Every structure is written in structure tokens, then in C-alpha cells.
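Asker: What follows is a predicted structure for the sequence shown.
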Amino acid sequence: MTGLVRKILAAAMGKCQITAPSHIEIEVPKEEAYGDLSTPVAMGLAKELRRPPRKIAEDIVRCIGEKERDEYFSRIEIAGAGFINFTFRDEFIHRELKRLLAERENFLKSDIGGGLRIQVEFVSANPTGPLHLGHGRGAAVGAALSNLLMKAGFRVEKEYYINDAGRQVGLLGESVFARYQELLGIGYPFPEDGYRGGYIIDLAREIIASEGEKYKNFDYIACEKFFKEYSCGRMLELIRKDLEAFGVVFDTWQSEKELYETGVVAEMFRYLREKGFAYESEGAMWFSATRFGDEKDRVIEKANGEYTYFASDIAYHKKKVDRGFDELIDIWGADHHGYIPRVKAALRALGYSGDKLTVVLVQMVALLRGGVPVQMSKRSGEFVTLREVMDEVGADTTKFIFLTRRPDSHLEFDLETAKAQSAENPVFYVQYANARISSIFRNARERGIDVDNIAGENIPLLKEPEEIRLIKKLLLYPMVFENAVTAREPHRITYYLQELAGLFHPYYNRHRVLGEEPELTSARLALAEAVRIVLREGLETLGLTAPERM
RNA sequence: GCGCCCGUAGCUCAGUUGGAUAGAGCAACUGCCUUCUAAGCAGUGGGUCAGGGGUUCGAAUCCCUUCGGGCGCGCCA
């Protein structure tokens, strides 16, 4: 619908010698009285043309062909400071609804991506413990964003980056080793900053079960590799399972260690040195980040010969671009925001634009229970896991809460409210609309109505204000979808779905779909089917289920 | 000290990339189940968009500044 209006406006402006802006803004007025769609385009042109906006609007409206006007609109009005407001004819709306039923999901999406390849990297939590709620937020956002882009015709790859090469996995291995010795009655000093969670002891027990006392009294150095790899592997398994239960799956898992083993890091060093983007100073190797927009140069190889985390990170992003992605999206915890300039600097040094990378920052989640903060401390190992939250409040509710906020907004997640709300939770409100429609169809089938071939030939009978409103809302989905895609903001879909459900429930309450007159019944079934198509599509995009019964 | 994010109804948050009289959910109150699912519907109240200044036809949105909160600023990851 927006595309149509845009085209008509552009044609009209051409006809009366007004140069149209490259992008004609179309919006949905907040007041229904202002029509279905609106454009402030005349106001934007006022300055340039040195004419009053209302006059410009009048000209544009006058230049809209009579044929188009009659075919699509019941009203075109100039209002306020110079808005042009359009109201669609019911006949047009009905035609579009019929088209939606014929084309189904395809009506709702548009090919914005054109086959471009995007990699979305998200979660990427250190494999040193179970996922917590903050990771869940990143998972929900990343998965929904990936779905959204996929539906928009991008070729999307979802990747999880495994930090299995640094100090953290070292600590993990040694922590498990310490617990292992402890369980076998050997005193071993627990590493400082080690992981103290109960799952470490579980891992140690597992090792005793499978390996027995093989490593009792060993030097840690002698079995470090085993403890690290075993623990890391098990943690990854756990993480993968938790994510799967949360409904999030990845296409690829990139190991940091592998970047070293396959020479990607070394290759990166060679490249930077050859280009003169790396230099030695104070015994360390530095990357000249300032030359590429960062505040200061960054160490990539320490004086003691170890590489910094940033070194493998440059190599990692080099590998990403080398693999030919047109765009990279990294979803990071907001506490890493300071890293953006240096990673973009690295990309520039590698010969790519910094714009190739979009970093989506996901704010931390403050976990509350009944208004009281739940203390989370990795040190003591006491933190609430994503798994626990899922078990307590449900995966759909958890995801929905994450997807009704902008990723970069601070978020309070109150377990009590999330549960207490469960009766009147927004996610159920949306899903319930779908379940109700499914129920209608079950009943219709029992009555012997053919519900498998709904073509919508009786759609013109839909005249009630609630019906017209509902149809118009359905037809707006493509616009919401496009905006969500270009802004990379899945939460817009969430809000749309709530609004759609908010129109369906009152309609349902006021008008019977399955009535006495077969024609009207068939028309309303067609509408219900269309609502169901859109609800399912939206829920699927967000990674939520669309239950048929509740 | 410097940088980034944020401040919107009692609470949790949206606000269509600068548009019209700032919205939703929760919480509170009043009604509605002999007809397709009451996880629903109908109705009632609630605002100095943190404060101040500026940019313009027009600002919650952009710029400056003050206050308040969060996070960064390692040869940590």
C-alpha cells in the first residue's frame, strides 16, 4: 500500500513539475480521522520551493490522475500544516485482502536483501559456565533479527564465536582440576578468579566417573590440555542444549583456537606488518589503530609473547570478510561498546569500510524477584541461568519480554511479574488470537464447511467498521516489515502483533464468524484466515510458537 | 577526567529515523460467559517527555548545557 501511494505521489509531482525527494515519507496517522496513510512531503518541500506547504500539497493532489484517485481512494485531503491524507476505498481494500489470501506469506515480505550475504554473530558467551539471562537476551534478539533478514531475502548465517583460547578456559580447566583433586581427597589450591559454581564440581565428578583416579596427584601442566578441552567441550554442549531449548540454533560455531591453529592469526600479523600497520614498541607489537579512527593504538602481542584477545578478534573479523559476506552484524553486550572503534579500525586496515560491520548493543538485564534484585556474581558462582528462567516463566514469555524492548534499553526482568503476568501476558494475548482463530476453523470444519480452499470470493461483504479496520491493519504488515528490516529492529514486529491482536479480539467479541448466512460466514472466515496468516508469520519471525489451542 | 548509552503515566516500556491533540501493557475501579476459547471484551482515571537554552514551518526525537543513572577508558577477556 505504501509503495502504491509513493508511486502515485511521485507521478503526480512529476506531472506538476515538482522534483520529488528521493524518499517520499509515508506514515500511518495516529488519528483514524486523518485517513489510512499520510505524507508530509509538501511540508518538506516548502522551503526549497518558497511556497506555503498547503499550496504545494494542493498542487500535488490536483495532479493525481482522476483514474487513480477513483480506483484507490475514497478521500484525499489536505490537513494541518500541509499533510496529504489518503483514505482507501473499501473495494480496493477488499481486492488487496483477496490478494493476501492468494499469495499468503509472500504478500507480507519483500525482497530487500536481494540475495546479499549477512553474517549475524551473537551470544558467543565464554564456554566457562551456563548461559545467564543476559545471554538469553542476545540470543532472542539475534535469532529474531536473523529471521527477519532471512525473510527479507538476505542469505543469513548465524554464527557463535567460541572463546576457547584464552585465560578464561584456562581458568575453567584448572578450576575443574582443583575440584577433581579435592573430590579425591587431595588438597589443591583453588585458582584465584576460578569458577566456583556447582557445575564445576559436577564436571569433576563426571571425570572421576569416566577416567577414574587417573589424574590423581598429577601436575596440572601434565593434564591441562585434557581438563581444558573436556570442560570446554562439555560446557559448549550444555550451552548448545540450552539454546536449543530456547529455540535458537546456529549455522556455524567458530572456534578461536582454530584461528590460531589454521594460521589465520599469523596471516593477519603478516598482513599488518607488510602494510606497515603494526609496529614494535616497548617489547610489544602494536596495531596502529589511530590511523583508522581509534583513539589509541592497541597491543596485539604482549611483551611476554602472548597474543591479546584483540589479536584473535582482528583475525576473526578478517576471516569473516574473507568469506565474502556483504555485511557483518555483531551482537554484543553493551559493556563492550568501547570495542567498536577498534574493530572498525581493524576492518579499515584490512581494506574494508567500517560500515561493513554493524554492532548491535544489547543492554544488561537486571534480574529481580518481586522487586528485589537477584544478586548475580560469577565469583561465588551464584547466578540465575537462562535455563532456570525458561523453566520458571517459559521460553516464549522470556523471548517476548526481550523482544518488546529496544535491545539497547536497560531492562528489568522481574521473575514474579513475568510469571504473575502469565495469565494476561502480552505474548499470550497475541497467541490467544491465533488459538481462537484455529478454534473457529475447527468448528467450521465440523459444520462441514470447506476451510481448506479459502479464496475469499465473498470478501466484499465485509463492511463492519471493525472489519475494515482489521483489513487495513493486515495490509500494513509489509510496511512494518520493511521498516523493521531497514532499521534492523525486530521489536517493531512485536508491537505490530499486539496491535493486530488488539483489533482481532474486539472484533471476535462483537461479531460471529460462523453465522447463519453462508456468504457472510465465508467472508469472515477469509478474514480470520488472513489474520492467522499474518499472526503466524510475525510470531515465526520473532521465534515464538503459534499454538492452535491454549 | 574523557567517551558511549539512557532519563517518557504509580511500575515496565513503545513512540513509524523531525510531523498533527505523546501511546500500550501492568497495577486500580465498574460492568459482560445458555451462541465460534473470559489467557477475552466494554468503560473510567493517570504526563512540566529529567531541567534550561538553541536550530525551524514543526522537537520526546537534532545541537549546547546542567542534574541524575548505567557502562567503558589494561601488554584483562
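Answerer: Thanks, I have the structure now.

Asker: Now for residue A:149: which residues touch it?
Answerer: Contacts here follow Cβ atoms under 8 Å, 6 or more residues apart in numbering; on that basis residue A:149 touches A:113, A:118, A:120, A:156, A:485, A:488. Quick note: C-beta positions are derived from backbone N, CA and C, even for glycine.

Asker: Compile these into JSON lines and extend it with columns for pLDDT.
Answerer: What follows is the contacts of residue A:149, written out as JSON lines (pLDDT from 0 to 100):
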{"residue": "A:113", "pLDDT": "94"}
{"residue": "A:118", "pLDDT": "97"}
{"residue": "A:120", "pLDDT": "97"}
{"residue": "A:156", "pLDDT": "97"}
{"residue": "A:485", "pLDDT": "94"}
{"residue": "A:488", "pLDDT": "93"}
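
Asker: For those residues, which entry has the maximal number of neighbours?
Answerer: Using other Cβ atoms under 10 Å as the neighbour test, those are led by residue A:120, with 27 neighbours.

Asker: Out of the contacts of residue A:149, flag the one nearest to RNA strand B.
Answerer: residue A:488 (7.0 Å; Cβ to the nearest atom of the strand).

Asker: Enumerate every residue touching that closest one.
Answerer: Counted by Cβ under 8 Å, 6+ apart, residue A:488 has contacts A:145, A:148-149, A:329, A:358, A:360.

Asker: In terms of helix, strand or coil, where does the spatially most central residue of chain A fall?
Answerer: Centroid-nearest residue in chain A, with Cα atoms, centre = their mean: residue A:145, separated by 2.7 Å. Counting by DSSP: H, G, I helix; E, B strand; the rest coil, the backbone at residue A:145 sits in helix.

Asker: For residue A:181, see how far away it is.
Answerer: 45 Å (Cβ to Cβ, to the nearest Å).

Asker: With residue A:138 instead?
Answerer: Distance from residue A:138 to residue A:181, by Cβ to Cβ: 35 Å.

Asker: And residue A:520, by the same measure?
Answerer: 77 Å.

Asker: Any part of stretch A:430-438 near RNA strand B?
Answerer: Yes. Applying Cβ under 7 Å from any atom of the strand, one finds that stretch A:430-438 is in contact with RNA strand B at A:432, A:435-436, A:438.

Asker: Please disregard the earlier target; I meant stretch A:506-518.
Answerer: Yes. Using Cβ under 7 Å from any atom of the strand, stretch A:506-518 reaches RNA strand B at A:506, A:508-514.

Asker: Turn the residues you listed into TSV, columns for secondary structure and distance to residue A:214.
Answerer: Listed next are the residues of stretch A:506-518 next to RNA strand B as TSV, based on DSSP: H, G, I helix; E, B strand; the rest coil; distance: Cβ to Cβ, whole Å:
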residue	secondary structure	distance to residue A:214
A:506	helix	68
A:508	helix	66
A:509	helix	68
A:510	helix	73
A:511	coil	73
A:512	coil	72
A:513	coil	69
A:514	coil	70
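
Asker: And the residue of the stretch 51-200 of chain A closest to RNA strand B?
Answerer: Nearest residue of the stretch 51-200 of chain A to RNA strand B: residue A:166, at 2.8 Å (Cβ to the nearest atom of the strand).

Asker: Phi, psi for residue A:458 please.
Answerer: phi -100, psi 10 (degrees, to the nearest 10).

Asker: I'd assumed residue A:527 was in contact with it.
Answerer: No. Look at residue A:458 against residue A:527 with Cβ atoms under 8 Å: they stay out of range, at 10.0 Å.

Asker: Those two: who's more crowded?
Answerer: residue A:527 (25 against 19).

Asker: Correct me if wrong: that one contacts residue A:470.
Answerer: Yes. With contact defined as Cβ under 8 Å, residue A:527 reaches residue A:470; the gap is 6.5 Å.

Asker: Quick check: next helix or strand after the worst-scoring helix or strand of chain A on mean pLDDT?
Answerer: Least confident helix or strand of chain A, by mean pLDDT, DSSP states H and E, is strand A:372-373 with a mean of 81. As assigned by DSSP states H and E, the chain's next helix or strand after strand A:372-373 is helix A:386-393.

Asker: List of residues touching that next one?
Answerer: Against helix A:386-393 from outside (Cβ under 8 Å, 6+ apart): A:130-133, A:135-136, A:139, A:242, A:245-246, A:367, A:398, A:413, A:415, A:418-419, A:422.

Asker: For the stretch 451-550 of chain A, which residues are neighbours of RNA strand B?
Answerer: Checking the stretch 451-550 of chain A against RNA strand B by Cβ under 7 Å from any atom of the strand, the hits are A:483, A:486-489, A:491-492, A:495, A:498, A:502, A:505-506, A:508-514, A:548-550.

Asker: can you list the domain ranges for chain A.
Answerer: A:2-88, A:117-162+A:249-362, A:167-245, A:426-542 (automatic domain parsing).
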